[in-house]
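> this one's structure only:
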């Protein structure tokens, strides 16, 4: 150990400070580029993960595609653990995605292999040193001077790529002087022992938690020409085992299936490494003088990395069901039923997908609120205890959704998600408040229905007809609002505001008519109290529908002054006037 430390710090051929600087720039550039790619390709990630099926190839290609986009198999696997923990993905699907992620992560090594291009003429154009300064210049201009999250993220992608390639060149330059240093050659001769090489790769990758980064470091060291294929191949195998650490850590506290997903990642890489290490030992015994003693190149390491991962997939993709059974056997089901987390904190590492998951739950919450209100209106027409129970269950569900979504969106806001995504998160936060209030008013309507039923109260025939008109308008405004939430159709949402005005007018007219009936003695005072409560709750439902639709429209128009469009539409929008006329005729009182 002392000899190694002396070699590192006192050998004039090893520029330790340049090596540290290069490593820091390399890791920073990779992280910067990965995060920007993730934000920039948010829509693509949603599409890819939305196509998950139990089909092995579909899951495999999904894992490959997502990892190629975000440049990290560890991040993809953590995502998968989060999806399984949330019940969005079953274990069989997760296994196929994990297998794909292991192949997708090899893309980075191929990109980094460009730094090893040698030659003149046309080949010179493909060397990163020829074009990364231009990419950096374009990137900084886009980031500093252009507007819009997508353009800025594109700039950061270029800056991240330029930074990681500069770090790669710096690391390579720092170690090139070691080409003829015997101590350096001896260190990597030691790693030609397959077991030691495997352990070295696993430990390094576990520390930096990125197989892509550790392969990049290996490629930089290969620039000395003193690292043989016999040493690099076992290290590459170990790197695939070390990258499992991130997923294993993320599975702590997760459901059994989520733990199984992380464990399958480990089983797959360990078994694959053992099988191919045995094959490697056989090849080494036969062909060592011909191949494995040759100095490794950046390109050769990228090839070896890809071949290893593809070989593992070829072996284990047909055996994914067996991997599933092994994981279930080693991690048996819990004795007590597990609580599935609808919003998993692991997804916060991928804000685009966390936001998409929030939107899905907001739509489920809206559906529960709609169910509650429709049930309450049914009970108003004809009371049914079973329907009443469903109303209360649905209202409780909206309370639950409001609690978890509110907390989760606050957590999401602490991450760097960009202006566009931040506006969407703000929109969702506002929507859940109004949706929950609609469900609350449904219980109030139900209580009015229960009071009528328990006390044997009845409205007069004219009052029942008027109430039917009012509830018809409320049903329609709910339908439009829910459609606007689920589809984002602004034309549908724009119909809500004129209908809300109709409901307001109906409320005032129905109150006036009720007073007139009271004066004539055609209605009891006790029934009158229920009537007043009903009108208030129904009108407030329409108010919350108006808030929701205005929020959707304002967010789509990037309007920070929420409800500005609602205030101006009455005077300036011919569509509003036309719809108001249509609804006034449709919900005209007799």
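Received the coordinates, thanks. Everything numeric in this text was worked out from a predicted model, so none of it was measured.

> got the confidence number for the nearest residue to residue 384 once chain neighbours are set aside?
Spatial nearest neighbour of residue 384, chain neighbours left out: residue 378 (7.0 Å); criterion: C-beta to C-beta, 6 or more residues apart in numbering. C-beta here means a position set from N, CA and C on the backbone, and glycine is covered the same way. Per-residue pLDDT puts residue 378 at 93.

> same question, residue 212
76.

> what about it, how many neighbours?
26 (other C-beta atoms under 10 Å).

> what about the longest helix in this structure?
The longest helix of the chain (DSSP state H) is helix 418-455.

> and it, what's buried?
418, 421-432, 434-449, 452-453 (16 or more other C-beta atoms under 10 Å).

> which helix or strand lies directly C-terminal to that helix?
As assigned by DSSP states H and E, the chain's next helix or strand after helix 418-455 is helix 461-487.

> run the chain-centre distance for that following helix.
Distance of helix 461-487 from its chain centroid, counting by C-alpha atoms, centre = their mean, to the nearest Å, is 36 Å.

> buried residues in the following helix or strand past that helix?
Downstream of helix 461-487, the next assigned helix or strand under DSSP H and E is helix 490-493. Neighbour-count burial for helix 490-493, counted by 16+ other C-beta under 10 Å, picks out 492, 493.

> same question for stretch 532-544.
Buried residues in stretch 532-544, counted by 16+ other C-beta under 10 Å: 534, 535, 537, 538, 539, 540, 541, 542, 543, 544.

> sort out for me which of the residues you listed are in helices.
Using DSSP H, those in helices are 534, 535, 537, 538, 539, 540, 541, 542, 543, 544.

> shouldn't residue 431 be in contact with residue 362?
Yes. Counting by C-beta atoms under 8 Å, residue 431 touches residue 362, with 5.8 Å between them.

> shared neighbours of these two, which are they?
Both residue 431 and residue 362 are contacted by residue 485, under the criterion C-beta atoms under 8 Å, 6 or more residues apart in numbering.

> before we move on, the earlier item: now the ones in helices among the buried residues of stretch 532-544 in CSV, with pLDDT and distance to residue 94?
Formatted as CSV, these follow (pLDDT from 0 to 100; distance: C-beta to C-beta, whole Å):
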residue, pLDDT, distance to residue 94
534, 92, 50
535, 92, 52
537, 93, 45
538, 94, 46
539, 93, 48
540, 95, 44
541, 94, 41
542, 94, 44
543, 94, 44
544, 94, 39
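
> let me know the closest of those to residue 516.
Nearest to residue 516 among those is residue 535, at 14.7 Å by C-beta to C-beta.

> residue 484 reaches residue 550, doesn't it?
No. Look at residue 484 against residue 550 with C-beta under 8 Å: they stay out of range, at 10.2 Å.

> how distant is the strand or helix carrying residue 39 from the center of its chain?
Assigned by DSSP H and E, residue 39 falls within helix 16-40. Distance of helix 16-40 from the chain centroid (C-alpha atoms, centre = their mean) equals 22 Å.

> same check on stretch 79-99?
With C-alpha atoms, centre = their mean, you get 13 Å for stretch 79-99.

> so which bits of it are buried?
Going by 16+ other C-beta under 10 Å, stretch 79-99 has these buried residues: 79-86, 88-89, 91, 93-99.

> ditto for stretch 161-177
Applying 16+ other C-beta under 10 Å to stretch 161-177 flags 161-172, 174-175 as buried.

> other SSEs contacting the longest helix of the chain?
When contacts are defined as 3 or more C-beta pairs under 8 Å, 6 or more residues apart in numbering; DSSP states H and E, helix 418-455 packs onto helix 149-175, helix 351-381, helix 385-413, helix 525-556.
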